[in-house]
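> next input, structure requested:
(one chain, ligands or ions: 1)
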Amino acid sequence: MYPAAFDYRSIASLDEALALLAEHGDAAKVMAGGQSLIPLLKLRFAQPSLVVDIGRMKGMTGVGPHDGWLTIGALTRHVDLERARDLPRQLSLLSEAAHWIQGPFTTALRPDEILTEIRVAASSKPAAGAYNKLERKVGDFATVAVAVQIELEGGKVSKAGIGLTAVGPTNVKATAAEKALVGHEPTDAVIAEAARLAAAAAEPKDDIRGSAEFKKDVVRVYVQRGLKTALARAKEARA
Ligand SMILES: Cc1cc2nc3c(=O)[nH]c(=O)nc-3n(C[C@H](O)[C@H](O)[C@H](O)COP(=O)(O)OP(=O)(O)OC[C@H]3O[C@@H](n4cnc5c(N)ncnc54)[C@H](O)[C@@H]3O)c2cc1C
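Residues are numbered from 1 along each chain as shown. This next block holds a predicted model:
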């Protein structure tokens, strides 16, 4: 399907973009890379009368330490994150992100706001994460995906973050599973219990990608697998 007609403006400065959003409100939509927005326009889930392209705006790219935070510019490419040196050592837990997603296609962002950067608390302790996604073919929506992040201190888990996606109306923060890890040595038994609790927190639905029961079990397996990978990476970071 073709998108509904819209005006297009390519913007060079943040002030100019914010002024357009203030003027047009909900009728305007910001576009960065367009990888999600264009499909949404084509499906007519979004029908803005103005698209404000910020993709060429200067000063919102890059990743690195800044005043005790790790900052990631809103226009940073995935490949730049992948290639960023020392990133895995500095990354701490993305716990605040849970408040950002409010529902399907809905975030806490207001129509006149632009996200300029993400700040993650930098950590000096050994920390690492892992992301596992099950998809029917490359580029498909996730059947189940699980992100985990742990921080170690004295052989025990000092912080843990477990995020589940595609298994509920929003991303799920598996808090009971996180609590089961913190303060404990990450033994096989502790990891298995955290994985069980994370699966219990998932609320998947039966659909063409699989039954709810199957998806819950994938959560369990991916939490277990992700924690073991993160643990090995954190130990490597410490070495
Ligand atoms: C083949 C493929 C595979 C993918 N796999 C995954 C996956 O496994 N996991 C996953 O999480 N995602 C996945 N995605 C989604 C992908 O992460 C997003 O499409 C991409 O990150 C969106 O970035 P963009 O710059 O293209 O945003 P756009 O499409 O330009 O924008 C997306 C939305 O964010 C808003 N927006 C953009 N920038 C700003 C800003 N600075 N301030 C305020 N609002 C803004 C836009 O208005 C729009 O509503 C996949 C996409 C593709 C095409």
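> from now on I want contacts and neighbour counts done on CA atoms only, so please keep to that.
Noted.
> identify the bridge partners of the closest residue to Ala230 other than its chain neighbours.
Leaving aside its sequence neighbours, Ala230 sits nearest to Gly129 (Cα to Cα, 6 or more residues apart in numbering; 4.6 Å). Per DSSP bridges, the residues bridged to Gly129 are Gln149.
> you'd agree Gly129 is up against Ile150?
Yes. Look at Gly129 against Ile150 with Cα atoms under 8 Å: they come within range, at 6.2 Å.
> got any residues that touch both of the two?
Leu227, Ala230, Leu231, Ala234 (Cα atoms under 8 Å, 6 or more residues apart in numbering).
> ok, which pair from these is furthest apart?
Leu227 and Ala234 (10.2 Å; Cα to Cα).
> the two: who's more crowded?
Leu227 (27 against 22; other Cα atoms under 10 Å).
> what does the chain put close to the ligand?
Counting by Cα under 6 Å from any ligand atom, the chain comes close to the ligand at 29-37, 74, 114-116, 139.
> can you list the low-confidence ranges for the chain?
Along the chain, the model assigns pLDDT under 70 to residues 85-98, 238-239.
> quick one: the strands in it, in order.
In the chain, the strands defined using DSSP state E lie at 7-10, 28-31, 50-53, 63-66, 69-73, 101-103, 106-107, 117-121, 127-134, 144-153, 156-165, 172-173.
> now do the fourth one: which elements does it pack against?
This means strand 63-66. Other helices and strands packing on strand 63-66, by 3 or more Cα pairs under 8 Å, 6 or more residues apart in numbering; DSSP states H and E, are strand 69-73.
> helices and strands around the strand it packs on, which ones?
strand 63-66, strand 117-121.
> just checking: what are the partner strands of that strand?
As defined by DSSP bridges, the strand partners of strand 69-73 come to strand 63-66 (antiparallel), strand 117-121 (antiparallel).
> could you dump the helices and strands packed on strand 69-73 into JSON lines and include mean neighbour count and distance to Arg209?
What follows is the helices and strands packed on strand 69-73, written out as JSON lines (neighbours: other Cα atoms under 10 Å; distance: least, Cα to Cα, whole Å):
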{"stretch": "strand 63-66", "mean neighbour count": "16", "distance to Arg209": "35"}
{"stretch": "strand 117-121", "mean neighbour count": "16", "distance to Arg209": "32"}
